[in-house]
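Colleague: Sequence and predicted structure below; questions after.
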Amino acid sequence: MNNWPLIIILGPTASGKSGLAIHLASQFNGEIINCDSVQVYRYLDIGTSKTSMGEQAGIPHHLLDFLLPDEVFTAGDFMTAGRQLLEEIKSRGKIPFVVGGTGLYLRALLEGLFQGPKRSEELRHRFYQFSQRHGIARLHRLLCRVDPISAGKISPQDKPKIIRALEVFWLTHRPLSEQHLAGKEPLSGYHVVKLGLNPPRELLYGAINQRVQHMFEKGLVEEVKGILAMGFQPALKPLQSLGYAQVIQHLHQTLTLEEAIRLTQQLTRNYSKRQLTWFRREPGVNWLQGFGNHLATLETAAKTIKERGIKMPSPLG
């Protein structure tokens, strides 16, 4: 088989991607690669709705729950690790399923990503200190001078991306926008089928509200306390993700528990909208108008895969 099957399951948070993936992977002899930028971290379980060992139903899961919260894992890291896993899964005669809602990770895996120079913590610290003294708007204006194309694409409030663009320019003396035009290497050798979950908006928002409420009832506050007790700092990127940041605000007594729940629900609804906006730009998605655990969705997803000429592959010799 020249083009090995690769199934992508994408969509907004709380749409049922994991459940659909497990069902299909069991049906099509698959293994699952996590494509969620927070689920890669250990100890962040409740707030990420991470699938437990029991829920995984014996399906191998990769890039899930394997990093400490203070370790850095970029889209480039995901591309490298993900492509290696695709080959390993293929060598076992199984179908890889890439599942999650982090659009940048998926784009890096499929289209390739400009790798750029390695991070310079010293340089990043200098830019961070500059923004603290003069404000992020001044930092963005600096980027406008050296790389106006990147500055036009990056939000003036997105400090990490502004700093990365400036870092690349200072280290290479070439604008990030110019370097993005070269060096990308799209994934080849795979027959890609993309399944997108798109439940009705009001039902999705209701599911998000219920999920967040359940997270807090299940012990999200205690989970965050335990992570902080291990010595991990609250400013770490994973702990600034949805739910975790609001719990930290609650622990710092800037939000009541009820306010933390409501704010997490609101921000998660907003995030789901941004996810859908991103994924609608993704070419070739077969959109399923329902949740991943609904029978009609499960049946349509399996039918779509079969209609694309994909069946359970024979083991490789």
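Modeller: Cool, the structure landed.
Colleague: rest of the way, CA atoms for contacts and neighbours
Modeller: Fine.
Colleague: Show me the shaky parts of the stretch 1-150 of the chain.
Modeller: Under the criterion pLDDT under 70, the flagged ranges of the stretch 1-150 of the chain are 1-2, 115.
Colleague: what's the answer for the stretch 151-300 of the chain, then?
Modeller: 180-183.
Colleague: can you give me the strands in it?
Modeller: 190-197, 285-288 (DSSP state E, counting those that start in this stretch).
Colleague: Can you list the strands that the longest one pairs with?
Modeller: When pairing is defined by DSSP bridges, strand 190-197 lines up against strand 4-10 (parallel), strand 285-288 (parallel).
Colleague: Looking at those strands, which one is packed in the most?
Modeller: Of all the strands paired with strand 190-197, strand 4-10 has the most neighbours on average by mean count of other CA atoms under 10 Å, namely a mean of 23.
Colleague: So what touches that one?
Modeller: Residues outside strand 4-10 that contact it (CA atoms under 8 Å, 6 or more residues apart in numbering) are 17, 21, 90, 95-101, 189-197, 279, 310.
Colleague: what is the orientation angle of the next helix-or-strand element following that strand with strand 4-10?
Modeller: Later in the chain than strand 4-10, the nearest helix or strand by DSSP states H and E is helix 17-27. For helix 17-27 against strand 4-10, the angle by axes from the mean of the first three to the mean of the last three CA atoms, to 10 degrees is 160 degrees.
Colleague: which strands and helices sit next to helix 17-27?
Modeller: Helix 17-27 is packed against strand 4-10, strand 30-34, strand 95-99, helix 295-307, with contacts defined by 3 or more CA pairs under 8 Å, 6 or more residues apart in numbering; DSSP states H and E.
Colleague: any chance of the ones you listed in CSV, with distance to residue 259 too?
Modeller: Formatted as CSV, these follow (distance: least, CA to CA, whole Å):
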stretch, distance to residue 259
strand 4-10, 30
strand 30-34, 31
strand 95-99, 31
helix 295-307, 35
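Colleague: returning to what we had before: which of the contacts of strand 4-10 count as buried?
Modeller: Burial by neighbour count, judged by 16 or more other CA atoms under 10 Å, picks out 17, 21, 90, 95-101, 190-197, 279, 310 from these.
Colleague: Could you check how far the spatially most central residue of the chain is from residue 299?
Modeller: By CA atoms, centre = their mean, the mean C-alpha position of the chain lies nearest to residue 102, the distance being 2.4 Å. According to CA to CA, to the nearest Å, residue 102 and residue 299 sit 25 Å apart.
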